[in-house]
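Engineer: coordinates only, sequence not included:
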């Protein structure tokens with residue numbers, strides 16, 4: 001099944017729930033039907049590592065595409081910069097939780113109703129071709145595939161995203177713990193944030 005590209009963000013009609021959703025303007029993809037056997041429900045290609053700048057548009061798009069209300073976002077604290085505690089969204093405050101022991105390549109959105117949604121984060125500096133391949137791949141049936149397998153199919157490095165250090169150089173988070181003090185472990189199942 002080929003993903004549908006949404007050039008203009010618009011609500012999907014109830015008659016099209018089985019069409020994979022890829023919003024090229026926001027660089028977001030969502031699986032049409034959540035599958036608890038899949039490690040993620042889609043992918044997101046943010047433009048930067050600035051959580052305060054990137055998360056409002058993500059919240060609005062996911063709320064619109066899934067017709068749900070995002071209440072909380074869980075992310076890895078050492079991948080993101082400028083992480084607020086809350087982000088205003090459509091008359092509410094979305095709580096932001098940051099964790100050290102989750103997969104740094106995944107962001108989780110929780111709702112008032114329904115299962116949480118996990119999104120694979122495509123690093124902001126990724127070449128357009130590889131990033132778009134990842135968005136399209138995660139909008140399809142990826143049940144039983146690990147994050148490393150998804151990244152390999154999309155021709156992206158399987159390790160965690162590089163993180164800029166104070167001196168401006170980039171380091172991988174699992175280089176002997178030099179950035180976070182503890183190596184990140186890849187997730188083989190549904191991400192579960194732990195405080």
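Structural biologist: Everything's here; your move. Source: prediction; values computed, not measured. Numbering: from 1, shown residues only.

Engineer: tell me which residues in whatever helix or strand residue 57 lives in are buried?
Structural biologist: If you go by DSSP states H and E, residue 57 is part of helix 51-66. The neighbour-count check on helix 51-66 (16 or more other Cβ atoms under 10 Å) flags 51, 54, 55, 57, 58, 59, 61, 62, 63, 65, 66 as buried. Every residue, glycine included, has its C-beta placed from N, CA and C.

Engineer: quick one: which of those residues is nearest residue 139?
Structural biologist: Nearest to residue 139, judged by Cβ to Cβ, of the buried residues of helix 51-66 is residue 65 at 11.1 Å.

Engineer: correct me, but that closest one touches residue 29?
Structural biologist: No. Taking contacts as Cβ atoms under 8 Å, residue 65 lies outside contact range of residue 29: 9.8 Å.

Engineer: any chance you could map the helices in the chain?
Structural biologist: Under the criterion DSSP state H, the chain contains helices at 51-66, 128-138, 147-153.

Engineer: neighbours of the closest residue to residue 134 other than its chain neighbours, just the number please.
Structural biologist: Of all residues not flanking residue 134 in the chain, residue 154 sits nearest, at 3.9 Å (Cβ to Cβ, 6 or more residues apart in numbering). Applying the criterion other Cβ atoms under 10 Å, we find 21 residues in the vicinity of residue 154.

Engineer: For the nearest residue in space to residue 141 that is not next to it in sequence, list the residues it contacts.
Structural biologist: Leaving out its chain neighbours, the residue that sits closest to residue 141 by Cβ to Cβ, 6+ apart is residue 35, at 7.0 Å. Neighbour list for residue 35: 41, 141, 142, 143 [criterion: Cβ atoms under 8 Å, 6 or more residues apart in numbering].

Engineer: Surely the last one and residue 38 touch.
Structural biologist: Put plainly, it is residue 143. Yes. Here residue 143 reaches residue 38: they are 4.8 Å apart, a contact under Cβ under 8 Å.

Engineer: the more surrounded of the two?
Structural biologist: With neighbours defined as other Cβ under 10 Å, residue 143 and residue 38 compare such that residue 38 has more, 21 against 11.

Engineer: Quick check: that one touching residue 145?
Structural biologist: Yes. In this structure, residue 38 is within contact of residue 145 by Cβ under 8 Å, at 7.3 Å.

Engineer: Tell me which residues of stretch 123-141 come out buried.
Structural biologist: Buried, per 16+ other Cβ under 10 Å, within stretch 123-141: 123, 126, 130, 131, 132, 133, 134, 135, 136, 137, 138, 139.
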